[in-house]
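Peer 1: need a 3D model of the following:
(chains A and B)
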Amino acid sequence: MTEQHPQHHIKLSEESLQKQTTTLNLGPTHPATHGVFQNIMEIDGERVLETVPTIGYIHRAFEKIAERRPYYQITPLTDRLNYCSSPINNMGWHMTIEKLLGLKLPKRVEYLRVIIMELSRIADHLVCNSVIAVDTGALTPFTYVFQFREKIYEVFEEICGSRLTTNIGRVGGFERNFTPASFTKLHAIVESFPKMLTEFESLLNRNRVFMDRCIGAGPISAERALNYGFTGPNLRATGVDFDVRVAQPYSSYEDFDFKIPVGTVGDVYDRFMVRNGEMWESYSIIKQAIEKIDKIEREFPDQKNVFYAPEADHYHIPPKEDVYTKMEALIYHFKIVMGEIDALPGEVYHSVEGGNGEVGYYLISDGGRTPYRLHFRRPCFIYYQAYPEMVEGGLLSDAVITLSSLNVIAGELDA
Amino acid sequence: MALTNEEVKQRLTDKFGEQLTEWEEPYGMLTLRAPAEMNLKVMQFLFDTEELRFRFLTDLTAVHYPTRKDEELCIVYHLHNLVDNVRLRLKVYVPVAQPDVFTATQLFSGANWMERETYDFFGVNFVGHPNLIRILNVDEMDYFPMRKEYEMEDPTRKDKDDEMFGR
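Peer 2: Next up is the predicted model:
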């Protein structure tokens, strides 16, 4: 072969010189993939003939690490699954342990959790939807909504001290009560939300260029989506109204009145519209939750200071001021931090509706201080395997927006 | 009329009789054990029967119990009937020396990567899987890291010896 092409130093196989198609590496660090994963595509001009996804670039062995960590130290691991909506993962993990222990939380705490989870759902969907716009060539909406996402992160910061990987909440409630400042910021969010999302929608929803780009790109039927194990907005975009918040209500979601937006054909535009619809519903849930909390505080003024279940004292790290002044709190603090607290033996599966679908925790406890086995059901990992089927035969540019509309988060993909 | 755990159990017992064992209901989820060679038969029955309709594979994973002789690896399927909203957990046990179990990829396309992950971490051999290769770990890896014999910490290190805390 070197004799045939003496000028070449790179040795290519004979087939690669003969073939009429191009092999393209999309990723692992391509700007269009928004995360570390690779697609080896075989393209004919602009048409995708075949794609082989490669994942695992940021695998961090969370399930193995979790087998050596006391329960409260696993919360930061869950942060790093879907890092666009960490609080949902955190809450899901706390609820799994609470289910294992049979703890019942006060209503106020559950409503506070609902507020946090819905705020992070909005943050998650804002990123996803505005990134679809970026990939179709519209950068402006992205910059607008990121200002709003910043406000949501300020609330998280006010409550738990961090923004992206939050480690928010504890088993049995929260680490501290919501400050007056966090409520002020929350009210400001509720006030400015409709204006922000209306503006975002007015830029894209009926935008001819955006619609032409998105409608019909990367479709999947409801039947195939179910067979692939789709959950969350991507499943609902195909017309299936499955939502864990309604199917198996947790954290008092049954007290709220909200709709589940669904699509019809499961293409990029449907996924975009479903996420937009969900943000409006999250907004409505947050408003209802604030009203419910206000009602509780009006009727029972002493509930204002309730931010964890008192019967969780063996598992909930006590507030610092109690640790310094009360003996029991000091003992519990010491025992929990030193890993002296055993959980009950049991086998529990708990799932919450994350930003991308059903985030499940399958926990087997043998009664020790760490899980015997912990498995994360990561929605991204399960639905991303449908990606080749969704893009093969379509255009390369459609493949890119399909990827961003699926909202594949590398952290959740690899765990 | 919503489907209850008792009805599911009744239908499965009618069909498979004594072969299904270890019926439990931890935290409300019906859990049962099937012989390893019957995993696909049971899932096919759950999938096809019009009254059961367990047509959604929520999760698939494995658990390693080194102390259980000849049934060290437990493969756990979480199935979901979305219409009646009933969940079910199906377990099969295989020996670690010969961890063969039939693949569920013909029934659920989503099982493909879940089985690859289970193979990657536990070495379960899913017979009939179209592409059973490692998915998250590097291809060169020659062991199955989630098995219990592999310690989290490097066992040769002495400076991190924590006799007092942890196990």
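Peer 1: next, the contact list for the closest residue to B:Val83 other than its chain neighbours, please.
Peer 2: Nearest-residue entry for B:Val83: B:Arg53, 5.5 Å, with adjacent residues in sequence omitted and distances by CB to CB, 6 or more residues apart in numbering or on different chains. Heads up, the C-betas are built off the backbone N, CA and C, glycines and all. B:Arg53 is in contact with B:Phe47, B:Asn81, B:Leu82, B:Val83, B:Asp84, counting by CB atoms under 8 Å, 6 or more residues apart in numbering or on different chains.
Peer 1: buried only: go through the residues you listed for me.
Peer 2: Buried subset of the contacts of B:Arg53 (neighbour count, 16 or more other CB atoms under 10 Å in any protein chain shown): B:Phe47, B:Asn81, B:Leu82, B:Asp84.
Peer 1: which positions in stretch B:141-152 come out as buried?
Peer 2: Applying 16+ other CB under 10 Å to stretch B:141-152 flags B:Phe144, B:Pro145, B:Met146, B:Arg147 as buried.
Peer 1: any regions of chain B where pLDDT drops low?
Peer 2: Low-confidence segments of chain B (pLDDT under 70): B:1, B:153-167.
Peer 1: residues contacting B:Phe16?
Peer 2: B:Phe16 makes contact with B:Ala34, B:Met38, B:Lys41, B:Val42, B:Phe45, according to CB under 8 Å, 6+ apart.
Peer 1: so the second one, which state does it fall into?
Peer 2: In this case it means B:Met38. With DSSP: H, G, I helix; E, B strand; the rest coil as the basis, B:Met38 sits in helix.
Peer 1: pretty sure the residue nearest to B:Val83 sits in a strand.
Peer 2: No: B:Arg53: not assigned to a strand; according to three-state DSSP it is coil.
Peer 1: how about it, phi and psi?
Peer 2: Dihedral pair for B:Arg53: phi 50, psi 50, per degrees, to the nearest 10.
Peer 1: and it, how far is that from chain A?
Peer 2: Applying CB to the nearest CB, to the nearest Å, the value for B:Arg53 to chain A is 11 Å.
Peer 1: next: B:Tyr77.
Peer 2: 11 Å.
Peer 1: just B:Trp23 next, same as before
Peer 2: Distance, B:Trp23 to chain A, using CB to the nearest CB: 14 Å.
Peer 1: quick one on the thing from earlier: restricted to helices, list the buried ones among the contacts of B:Arg53.
Peer 2: The helices, defined by DSSP state H, take in B:Phe47 from the buried ones among the contacts of B:Arg53.
Peer 1: just put the buried ones among the contacts of B:Arg53 in a markdown table and tack on distance to A:Val323.
Peer 2: Shown next, in a markdown table, are the buried ones among the contacts of B:Arg53 (distance: CB to CB, whole Å):
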| residue | distance to A:Val323 |
| --- | --- |
| B:Phe47 | 53 |
| B:Asn81 | 47 |
| B:Leu82 | 46 |
| B:Asp84 | 48 |
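Peer 1: filter the buried ones among the contacts of B:Arg53 down to the ones near chain A?
Peer 2: Contacts with chain A within these, as defined by CB under 8 Å from any CB of the partner chain: B:Leu82.
Peer 1: any idea which of the buried ones among the contacts of B:Arg53 is closest to A:Val209?
Peer 2: B:Leu82 (36.7 Å; CB to CB).
Peer 1: residues contacting the closest one?
Peer 2: Applying CB under 8 Å, 6+ apart, the residues near B:Leu82 are A:Leu226, A:Val240, A:Phe242, A:Ala247, B:Arg53, B:Arg55, B:Phe56.
Peer 1: A:Thr54 now?
Peer 2: A:Gly27, A:Pro28, A:Phe37, A:Gln38, A:Asn39, A:Ile40.
Peer 1: filter the contacts of B:Phe16 down to just the ones in helices.
Peer 2: Filtering the contacts of B:Phe16 for helices - DSSP H - leaves B:Lys41, B:Val42, B:Phe45.
Peer 1: still on that earlier bit, let me know the closest of the contacts of A:Thr54 to chain B.
Peer 2: Using CB to the nearest CB, A:Phe37 comes nearest to chain B of the contacts of A:Thr54, at 11.2 Å.
Peer 1: does that closest one touch A:Val52 like I think?
Peer 2: No: using CB atoms under 8 Å, A:Phe37 makes no contact with A:Val52, being 11.5 Å away.
Peer 1: show me which residues of chain B sit near chain A.
Peer 2: Within chain B, the residues that sit near chain A (CB under 8 Å from any CB) are B:26-27, B:29, B:31, B:55-59, B:61, B:63-64, B:76, B:78, B:82, B:85, B:87, B:89, B:108-110, B:112-114, B:117, B:121, B:135-138, B:145-146, B:150, B:152-153, B:165-167.
Peer 1: distance check, A:Pro319 against chain B.
Peer 2: As judged by CB to the nearest CB, A:Pro319 and chain B stand 24 Å apart.
Peer 1: for the nearest residue to that residue once chain neighbours are set aside, pull up the helix or strand it's in.
Peer 2: Closest residue in space to A:Pro319, ignoring its immediate chain neighbours: A:Arg176 at 6.2 Å, by CB to CB, 6+ apart. Assigned by DSSP states H and E, A:Arg176 belongs to no helix or strand.
Peer 1: enumerate every residue touching A:Arg176.
Peer 2: A:Ile159, A:Phe307, A:Pro319.
Peer 1: let me see the contact set for the second one.
Peer 2: Residues counted as contacts of A:Phe307 (CB under 8 Å, 6+ apart) are A:Arg108, A:Val109, A:Leu112, A:Gly173, A:Phe174, A:Arg176, A:Asn177, A:Phe178.
Peer 1: that one and A:Asn82, how far apart?
Peer 2: According to CB to CB, to the nearest Å, A:Phe307 stands 25 Å off from A:Asn82.
Peer 1: over to the first one?
Peer 2: Counting by CB to CB, the gap from A:Ile159 to A:Asn82 is 19 Å.
Peer 1: adding distance to A:Gly411 and secondary structure, write the contacts of B:Leu82 out as TSV.
Peer 2: Shown next, in TSV, are those (distance: CB to CB, whole Å; DSSP: H, G, I helix; E, B strand; the rest coil):
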residue	distance to A:Gly411	secondary structure
A:Leu226	25	helix
A:Val240	26	coil
A:Phe242	24	coil
A:Ala247	25	helix
B:Arg53	34	coil
B:Arg55	29	coil
B:Phe56	24	strand
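Peer 1: select only the buried ones of those residues in ChimeraX?
Peer 2: Buried subset of the contacts of B:Leu82, written as a ChimeraX selection, criterion 16+ other CB under 10 Å:
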select /A:226,240,242 /B:53,55,56
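Peer 1: ok, of the contacts of B:Leu82, which one's closest to A:Phe272?
Peer 2: A:Phe272 lies nearest to A:Val240 out of those, by CB to CB, at 17.2 Å.
Peer 1: so for that closest one, what's the pLDDT?
Peer 2: A:Val240 is assigned a pLDDT of 93 by the prediction.
Peer 1: tally of neighbours for the nearest residue to it once chain neighbours are set aside?
Peer 2: Using CB to CB, 6+ apart and skipping the chain neighbours, the partner closest in space to A:Val240 is A:Ala222 (5.2 Å). Using other CB atoms under 10 Å in any protein chain shown, A:Ala222 has 19 other residues around it.
Peer 1: tell me the confidence at A:Ala222?
Peer 2: 94.
Peer 1: tell me the spacing between it and chain B.
Peer 2: With the distance defined as CB to the nearest CB, A:Ala222 ends up 11 Å from chain B.
Peer 1: tell me which residue is most central in chain A.
Peer 2: For chain A, A:Gly355 is the residue whose C-alpha lies nearest the centre (CA atoms, centre = their mean; 3.6 Å).
Peer 1: phi, psi of that residue?
Peer 2: A:Gly355 adopts backbone torsions of phi -60, psi -30, taken as degrees, to the nearest 10.
Peer 1: so what's it up against?
Peer 2: Listed by CB under 8 Å, 6+ apart, the contact partners of A:Gly355 are A:Asn82, A:Cys84, A:Ser85, A:Ile88, A:Ser120, A:Arg121, A:Asp124, A:His125, A:Cys128, A:Gly232, A:Asn407.
Peer 1: rerun that using 6 Å as the cut-off
Peer 2: Counting by CB atoms under 6 Å, 6 or more residues apart in numbering or on different chains, A:Gly355 touches A:Asn82, A:Cys84, A:Ser85, A:Arg121, A:Asp124.
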